[in-house]
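K.L.:
pasted the sequence and its predicted model underneath.
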Amino acid sequence: MKLRVSAVQYHLHTINNFTEFADQCQHYVKIAEEFKADFLVFPEFFTTQLLSTGDELGDSLSISKLPDFTEQYTELFVLLAMRTNIHIIGGTHVLREGNKLYNVAHLFYPDGKVATQKKLQITPEEVSDWNMAAGDDLTVFHTKKGKIAMLTCYDIEFPEIVRMAKARGADIIFCPSCTDDQHSFHRVRYTCHARAIENQVYVVVTGTVGSLPTVESMRANFGQAAIITPNDIPFPPKGILAEGEINNDMVITADLDLQLLYEVRERGSVTTWRDRRTDLYPDWR
């Protein structure tokens with residue numbers, strides 16, 4: 001099966017209201033629609049742009065206010081997915097459950113269905129600055145174009161999580177990310193390549209660019225989208241189907257062939273998935 005994926009390098013800047021946010025999102029979705037994408041992924045924490053709209057005193061909103069936009073956010077992306085017939089990974093959005101905040105990836109299906117995946121690994125900064133809580137369950141999502149998983153930023157740095165996703169059938173890992181400097185960016189990027197090699201899967205990663213000068217912890221962003229493959233023939237030698245220009249506002253697109261994954265898993269120059277030593281360490285199936 002072949003499919004086309006697009007990834008947004010989302011430009012963060014101060015806005016005045018939800019309509020400006022919606023217009024920017026619609027712009028990116030229209031680009032993906034023009035390229036006839038089957039999937040489109042937005043970055044982690046891109047909805048923090050809504051915090052820059054401010055309160056009645058003109059001060060930016062705190063992270064605890066972000067869940068107040070959930071209904072508008074959901075309605076917007078349900079409409080966009082249904083209108084364009086694209087599976088949209090709406091980056092991540094902060095949800096509140098009881099007295100806890102969660103960083104949650106959202107999958108909007110073309111038929112109006114919405115699925116979610118809480119971030120499983122929370123960075124020290126997310127805990128100290130925003131008091132985020134970790135999710136405790138991994139889901140692999142079935143679509144008409146194959147099985148996917150949504151693992152957010154820090155999640156991709158843990159091999160066991162991606163191994164679990166592959167064991168449950170995922171062929172594509174979508175990785176919404178948000179990093180503020182080159183060190184954190186490269187940690188995510190390098191581990192995306194490692195996970196693609198280890199599990200012989202595709203990884204689609206993207207991040208935020210631009211700046212939110214008035215929003216705490218979002219003043220700096222360093223991002224680049226990439227569509228990553230295993231490092232084997234018939235894939236590109238560097239394992240990169242497409243990548244954006246660092247810190248530029250743009251959308252990248254590439255075609256994925258799932259049959260190629262199945263072939264390299266059986267007859268590649270290395271067969272890392274088949275050769276795992278389950279006699280020494282357990283399989284997650």
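P.N.:
Arrived safely, thanks for sending.
K.L.:
give the contact list for the residue nearest the centre of the chain.
P.N.:
When Cα atoms, centre = their mean is applied to the chain, the residue found nearest the centroid is Pro176 (2.1 Å). Applying Cβ atoms under 8 Å, 6 or more residues apart in numbering, one finds that Pro176 lies in contact with 41-44, 46, 89, 91-92, 105, 150, 152-153, 205-206. Backbone N, C-alpha and C define where each C-beta goes, glycine included.
K.L.:
do that again at 7 Å, thanks
P.N.:
Val41, Phe42, Pro43, Glu44, Ile89, Gly91, Thr92, Ala105, Thr152, Cys153, Thr206 (Cβ atoms under 7 Å, 6 or more residues apart in numbering).
K.L.:
looking at those residues, which are in helices?
P.N.:
Among those, none falls in helices (DSSP state H).
K.L.:
between these, which has the most around it?
P.N.:
Thr206 (32 neighbours; other Cβ atoms under 10 Å).
K.L.:
circling back: pLDDT score for the residue nearest to the centre of the chain?
P.N.:
For Pro176, the pLDDT comes out at 98.
K.L.:
coming back round to it: and of the contacts of Pro176, the nearest to Leu260?
P.N.:
Nearest to Leu260, judged by Cβ to Cβ, of the contacts of Pro176 is Val41 at 20.3 Å.
K.L.:
distance of the closest one relative to Gly91?
P.N.:
Computed as Cβ to Cβ, to the nearest Å, the Val41 to Gly91 distance reads 7 Å.
K.L.:
flag every buried residue along stretch 79-96.
P.N.:
Using 16 or more other Cβ atoms under 10 Å as the test for burial, stretch 79-96 gives 80-82, 84, 86-95.
K.L.:
phi, psi of the residue lying farthest from the centre of the chain?
P.N.:
For the chain, the largest distance from the centre (Cα atoms, centre = their mean) belongs to Leu57, which lies 33.6 Å off. Main-chain dihedrals, Leu57, degrees, to the nearest 10: phi -90, psi 0.
K.L.:
before we move on, back to that, with adjacent residues omitted, what lies nearest to the residue nearest to the centre of the chain?
P.N.:
Taking Cβ to Cβ, 6 or more residues apart in numbering, and ignoring the residues beside it in sequence, Pro176 has Glu44 as its nearest neighbour in space, at 4.2 Å.
K.L.:
quick check: the one you found vs Ser269, distance?
P.N.:
34 Å.
K.L.:
again, but for Ser52
P.N.:
Remark: distance between Ser52 and Ser269 (Cβ to Cβ) = 49 Å.
K.L.:
ok, Lys113 next?
P.N.:
39 Å.
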